[in-house]
Structure formats: C-alpha cells, structure tokens
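In: what follows is a protein structure lacking sequence information:
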C-alpha cells in the first residue's frame, strides 16, 4: 500500500486543472495596457456606467453609451437599421476595436459586449477589473467629452449567438444545449417572485454569474479558478451552451466567461426568465437548493 501512495498522489495531481492562460485571452484587456497611449489609440473605449458616474470622471477619450437604452431596445427590437444608427453614432464599424468597462462587476459592460458581437463587431474586449481596475492601476481620469464622428455602416446579425424561446423549446427533448442559469439560487429554485411562474428551465445547471468575478478586484477569476469552478458546477466547456438570467445581462457575463475559457458555441437567451416565466407554453421545474 505504501508503494501505491506516490502513484495515487500523482493521479490526483494530474486530475487537478492546470490552466495558466485563458484560451480566449484576447477578449480581455488589462488596465496597464491601455495606459500605453500607442495601445489606447487603437480602440474606441466605451463607458457603460450611469451617465452621472461618467460625467464625474472617466477614462480619457472614453465615450458614454446608454446601457439602459440598449438593454431595453434589444429586448424588443433587433431591426438592423435602428442598430446601425445606435452603433454608428459611437463612431464604430465592424472593424473598430472596442473596449468596454463599467463599475458593476462587468454586468453592464458584458451586456453591451454581447450586443456588439451579435451585430458583428469583431474585436470587442472587456477591461479586466472595470472602473475599479482602472483606479487601482492609478489610471488618469477626465471630465472632457471626446468628439465622435458619426459613421454610416451596415450591420449583419449573428443569430448563432442568440437563443430564443422557440429554439429552446425545440431543443429540450434532445438536450441539445447545456443550459446554464446565471441567476441567484433563490431565483433558480423558484423561491424568488420574478414572474408569473418561478423556477428554472428543465435541465438547467446553476452557476451564479458573480462566481466568475473576484469580489475584491472585480477582475475575472484566474483560468485555473474558472476551470475548477465550471468543473464543480458540472459545466462542460466542450458542449454548445445557452446562458440565461432575468433579462440577458447576468447571462452575458456568464457567456463571456465561457467564451473566455474557450467554449466555441455560446448563446445568450436574452429575454430569459422575463419571457420564459411569463409564457403559457414553457415547462418550469423547481430544483432543490444545494444548501439543503
């Protein structure tokens, strides 16, 4: 038995995740990088915080984007012409490099990251740590509003990034997708009153969106920590996945984390529980809380 112990220990260590780099590290940018003028000038920097926060001080050359307007507009209107105006007024084309940040654990920034990617903007990054990361890096701030030249552009949707109620209903019997509920445990278990019917999409696994973010630094957790987190949550990084929450924002953070870790097919069920829980034709289950 004593001779077997080293072999057993090696087997255990071999099974532990050892990931020292995000598979899609290009989706994140560190504040220290955009402190370099030659790097910063390559991007359109978007501030997704509330407007009064932006006006009090923001990253130099950052442009304010109305998160709340974008959030509501996408839920009810995916008409390309409207989005061409919204994106064009920020001076963005499909070839523009974009960096997004907020001061809300990337919840707001991730939603806009997802919307821009849905509309085919190819290079969209989140500032790791957001506004907190910028201030921790002693980045300069300004109250000056940069001038933006409006651009005319043509946008094409990428429906493979979006999950719809009809598509999910069709997929459930075959378990075509790995469905991830990014809400709180009380919402997932149907204890929180957020719709006409409360609970979860049948077969969904639960992983709250806040778990992918380090609370102290507001940065995404390390590759090794995310690998372990998803493994513990029974989330397979090789499966096509759908994320959902109440209205698409928290689901966007989870979708970002999955893509960051190399998942190749991730859809955001943007209308999420605000649609599913209020519909008449959707199955609902009430999983038992893990703590019980």
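Out: Thanks, I have the structure now. Keep in mind the model is a prediction, meaning the values are calculated, not measured. Numbers count the residues shown, from 1 in each chain.

In: so for stretch 184-201, mean pLDDT?
Out: Averaged over stretch 184-201, pLDDT sits at 98.

In: tell me the buried residues in stretch 60-73?
Out: Buried residues in stretch 60-73, counting neighbours by 16 or more other Cβ atoms under 10 Å, are found at 61-65, 67, 70-71, 73. In short, each C-beta sits where N, CA and C put it, glycine included.

In: mean confidence score for that stretch?
Out: Stretch 60-73 shows a mean pLDDT of 98.

In: and it, how far apart are its ends?
Out: 28 Å (Cα to Cα, to the nearest Å).

In: residue 233 contacts residue 208, doesn't it?
Out: No. The pair residue 233 / residue 208 is not scored as a contact, 9.6 Å apart, by Cβ atoms under 8 Å.

In: relative to residue 281, how far out is the closest residue to residue 165 other than its chain neighbours?
Out: Once flanking residues are discounted, residue 165 sits nearest to residue 275: 5.8 Å by Cβ to Cβ, 6 or more residues apart in numbering. Counting by Cβ to Cβ, to the nearest Å, the separation of residue 275 from residue 281 is 11 Å.

In: quick one: which of these two has more around it?
Out: Here residue 275 and residue 281 are set side by side on neighbour count (other Cβ atoms under 10 Å), and the busier one is residue 275, at 18 against 8.

In: where does the more buried one land in three-state SS?
Out: Following DSSP: H, G, I helix; E, B strand; the rest coil, we place residue 275 in the helix state.

In: that one touches residue 164, doesn't it?
Out: No. The pair formed by residue 275 and residue 164 falls short of the contact definition of Cβ under 8 Å, at 9.0 Å.

In: which residues in the protein form helices?
Out: Listed from the start of the chain, the chain has helices (DSSP state H) covering 4-15, 31-34, 37-40, 51-56, 67-76, 80-88, 107-118, 130-136, 165-171, 185-188, 223-232, 249-260, 272-276.

In: tell me the contacts of the residue lying closest to residue 201 once chain neighbours are set aside?
Out: The spatially closest residue to residue 201, leaving aside those adjacent along the chain, is residue 179, at 5.5 Å (Cβ to Cβ, 6+ apart). Residues in contact with residue 179, defined by Cβ atoms under 8 Å, 6 or more residues apart in numbering, are 168, 201, 203-205, 241-244.

In: tell me what residue 179 is bridged to.
Out: For residue 179, the beta-bridge partners are residue 242 (DSSP bridges).

In: do the same with residue 28
Out: Here residue 28 shows beta-bridge partners residue 126, assigned using DSSP bridges.

In: hang on, isn't residue 75 packed against residue 248?
Out: Yes. Assessed by Cβ under 8 Å, residue 75 is found in contact with residue 248 at 7.1 Å.

In: any shared contact partners between these two?
Out: When contacts are counted by Cβ under 8 Å, 6+ apart, the set common to residue 75 and residue 248 consists of 270-271.
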